[in-house]
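Student: build me a structure from this.
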Amino acid sequence: MSDGFRLARPGAIGRGRKSSEIDESPPQAIWDALNIARENKALFVAKAGAIVNVNELAAQLCDRTPEELLGGCFISQFLQCSQTRQPAATMRRWETELTTASGVRIPVEVTYEPLRTDLHEFEVYAIRDLRERREAAAQIEDFNARLQQQHDLLKVQEQQLRAQNVQLDAALNNIAQGLAMFDADQRLVLCNRRYAEIYELSPDQVTLGTTLLEIIRHRVGNKLLSDMSPEAIVDAMLRRRNDTHFAEFYSQLSDGRCIAITVQPMADGGTVSTHQDITEQRRSEAKIAHMAHHDALTGLPNRTLLDERLEHAVAHANRGEIVATHLLDLDYFKNVNDTLGHPVGDKLLRMVADRLRRLVQEGETVARMGGDEFAIVQVQVAQPSDATALAQRVIEGVSEPYEIDGHQVVVGASVGISVSVTDGPSPDLLLRNADLALYRAKSGGRGTLRFFEPEMDAQMQARRLMESDLRRALVGHEFEVHYQPIVNLQSNEISAFEALIRWQHSERGMVSPAAFIPLAEEIGLIVPLGEWVLRTACSAAARWPDHTKICVNLSPVQFRSRGLVEVVIGALATSGLRPGRLELEITETVLFADTEATLAVLHQLRGLGVRIAMDDFGTGYSSLSYLQTFPFDRIKIDRSFVKGVAEDIGSLNIIRAVAALAKGIGMATTAEGVETQEQLDAVKAEGCTEMQGFLFSRALPSRDIERLFLSKQKAIENAA
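Tutor: Numbers count the residues shown, from 1 in each chain. Next comes the predicted model:
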């Protein structure tokens with residue numbers, strides 16, 4: 001046997017051993033049995049610690065010949081190292097290191113077994129070389145470590161992939177658009193929750209692999225598509241595809257929703273599509289478009305849409321049709337707002353809009369221009385009389401009473417009309433001319449209609465020129481203040497002067513107040529103009545005798561402006577005029593506008609010591625109620641009653657009643673416009689306390705007033 005025990009030859013003596021010891025080896029049969037049992041192990045047989053026999057593997061392991069091993073001490077010679085473990089009586093197997101002839105230490109496993117024969121006791125050591133085992137174990141450990149590392153890496157990648165999938169699912173299922181991906185065979189590869197929600201599909205209907213045709217069949221079954229067959233719908237969808245660009249289209253569902261769809265082809269022949277419900281967006285766009293072209297309060301077309309329709313209508317008028325443009329304004333609408341409030345005014349405007357809608361024919365447009373102004377575009381007008389008929393129906397229909405929140409409201413309408421055939425084809429020109437006609441209708445007494453006439457344009461040009469001249473006149477100091485005396489009828493002495501504005505135009509000379517005051521009120525220039533008059537009059541009166549008063553008119557526009565009380569305080573302070581010498585004259589229209597606010601201002605002025613007079617008394621319809629609301633210092637009877645007092649018993653009775661009323665409540669009365677002795681005698685006989693008019697003096701500049709009426713009085717005061 002190549003690895004069996006090599007027994008000592010008879011008579012051979014090992015190194016340092018006696019022959020008698022060698023002869024005491026176990027019989028050959030025992031060695032053969034040991035060799036067989038210890039196959040593939042290095043075997044050492046020792047007696048009393050000395051090696052008596054070894055096998056081939058033992059010699060190879062120790063890097064020696066068998067002869068060199070025989071006789072040596074196995075434990076001390078071959079197993080000496082720091083880790084050598086001595087066998088105990090009970091130890092049968094252990095691991096240690098074996099030192100070779102060259103000094104190499106080899107890890108080994110030692111198996112010890114005692115062997116007894118009839119003659120001797122032997123020690124058998126079976127040595128297994130552990131290098132391969134340990135190398136294999138190290139390789140296995142390294143492999144296991146690398147395997148564990150691979151496992152850990154795969155686990156991390158799996159966790160990352162799982163997290164990415166969660167994120168992807170969250171992203172897909174939380175985007176506003178539906179998303180669907182189909183392969184080249186039009187089978188579903190991926191879709192998100194929103195896609196199923198948009199088309200009301202159950203999870204079973206959008207499983208992976210479902211064909212586009214099957215999904216369309218489900219949508220048809222949900223009654224979300226038209227009556228087309230699913231096959232026809234799919235064919236139409238595929239025809240929309242573009243192999244190189246986005247295919248974008250809109251799908252109108254049968255429940256009214258609109259879906260915007262974008263399809264992108266993929267390189268493998270499949271498609272990825274997004275689906276967005278834009279129903280609310282479309283509704284918002286439609287609402288915005290409607291708001292851009294319609295009035296929010298009434299729902300009528302606004303100026304923008306009116307211009308478009310008028311332009312379209314005029315284009316047809318160029319082919320022989322007549323277009324009539326009506327502009328109408330509500331009469332006394334402001335009174336409704338001032339007395340009943342803006343909510344009632346808004347309801348009134350809506351009710352007027354409803355009436356106008358019922359008055360026009362199909363194809364005609366009713367629009368709200370703003371405020372209480374409306375417009376009508378009347379088409380297919382055969383002759384101007386058709387426009388007249390519509391305007392009259394509008395005036396009558398709008399003038400019918402309205403029941404609003406328990407109030408009966410009555411307003412009127414004034415209408416201005418321009419006709420395309422005679423007034424030119426431009427829509428802007430038609431509206432401009434209709435506006436000029438409306439202005440004339442309102443100036444003519446309201447509740448009327450007027451067609452545009454060429455001279456209206458000339459008058460408007462003159463009005464614009466006067467407006468421009470007015471603005472320059474205030475800056476250029478072209479205005480003057482003239483003063484008309486007011487005479488006490490008992491003492492026949494001047495008790496006051498009324499300040500009246502005059503315009504000395506640089507080219508036209510003296511311009512009547514009746515020509516420019518209404519325009520100044522309309523354009524708001526009356527406010528700075530009135531303040532200038534007040535300051536000028538107070539400064540002039542401060543030079544006059546202390547018993548004379550100065551009367552200054554306040555326009556309704558000026559009275560409504562903010563800071564009136566401060567303006568009065570400033571004029572008095574600057575001039576040094578005693579407040580009791582200033583008398584402010586207002587008309588009934590001032591009180592009519594806003595009674596509570598007006599009374600508050602009047603009481604503030606009265607608190608300064610300023611006197612308050614009611615001018616043009618008797619021309620309104622509620623004068624007596626006004627006398628009850630505020631204790632005026634003086635009432636001025638309008639010149640229209642004084643003019644006819646000598647021959648008109650009605651005027652005489654009015655003067656008599658007013659004078660008696662004023663006397664009863666402690667107010668002075670001034671008759672305006674006294675021009676004859678008969679008029680003077682009449683108003684004096686009826687109890688008027690003062691008069692004012694051309695009979696005594698017209699209004700004069702301050703220098704003439706001082707020269708004619710105040711110089712003598714001033715001399716007396718100076719002498720005193």
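Student: for the stretch 101-250 of the chain, which spans come out with low pLDDT?
Tutor: Low-confidence segments of the stretch 101-250 of the chain (pLDDT under 70): 117-119, 171, 226-227, 240-246.
Student: pull the distance from the helix or strand containing S468 to the chain's centre.
Tutor: Element membership of S468, judged by DSSP states H and E, is helix 454-475. Centroid separation between helix 454-475 and its chain, computed with CA atoms, centre = their mean, to the nearest Å, is 43 Å.
Student: direction included, what does the helix or strand following it pair against?
Tutor: For helix 454-475, the following helix or strand on the C-terminal side (DSSP H and E) is strand 479-488. Paired neighbours of strand 479-488 in the sheet (DSSP bridges): strand 494-505 (antiparallel), strand 690-692 (antiparallel), strand 700-701 (antiparallel).
Student: thinking P66 is in contact with E56, fair?
Tutor: Yes. Between P66 and E56 there is a contact under CB atoms under 8 Å: 7.5 Å. C-beta here means a position set from N, CA and C on the backbone, and glycine is covered the same way.
Student: got the residue ranges for the strands in the stretch 351-500 of the chain?
Tutor: With DSSP state E, counting those that start in this stretch as the criterion, the stretch 351-500 of the chain has strands at 365-370, 373-381, 402-404, 407-409, 412-419, 449-451, 479-488, 494-505.
Student: okay, now V511: neighbour count?
Tutor: By the criterion of other CB atoms under 10 Å, V511 has 18 neighbours.
Student: please read the previous query as pertaining to D428.
Tutor: Other residues close to D428 by other CB under 10 Å number 11.
Student: let me know the secondary structure of D255.
Tutor: Counting by DSSP: H, G, I helix; E, B strand; the rest coil, the backbone at D255 sits in coil.
Student: roughly how far does it sit from Y199?
Tutor: For D255, the distance to Y199 (CB to CB, to the nearest Å) stands at 11 Å.
Student: now the common contact residues for those two.
Tutor: L224 (CB atoms under 8 Å, 6 or more residues apart in numbering).
Student: of these two, who's got more company?
Tutor: Using other CB under 10 Å, the more surrounded residue of D255 and Y199 is Y199, with 23 against 10.
Student: any idea which element the residue lying closest to the more buried one once chain neighbours are set aside lies in?
Tutor: Excluding the flanking residues, the one nearest Y199 by CB to CB, 6 or more residues apart in numbering is R219, at 5.1 Å. Using DSSP H and E, R219 falls within helix 212-221.
Student: how far off centre is that helix?
Tutor: Taking the mean of its C-alpha atoms, helix 212-221 sits 40 Å from the chain's own mean (CA atoms, centre = their mean).
Student: what are the buried residues along it?
Tutor: For helix 212-221, burial by neighbour count (16 or more other CB atoms under 10 Å) applies to L212, E214, I215, I216, R217, H218, R219, V220.
Student: return the most buried member of the strands of the stretch 351-500 of the chain.
Tutor: strand 412-419 (a mean of 25; mean count of other CB atoms under 10 Å).
Student: partner strands of that one, with direction?
Tutor: Within its sheet, and counting by DSSP bridges, strand 412-419 is paired with strand 322-331 (antiparallel), strand 449-451 (parallel).
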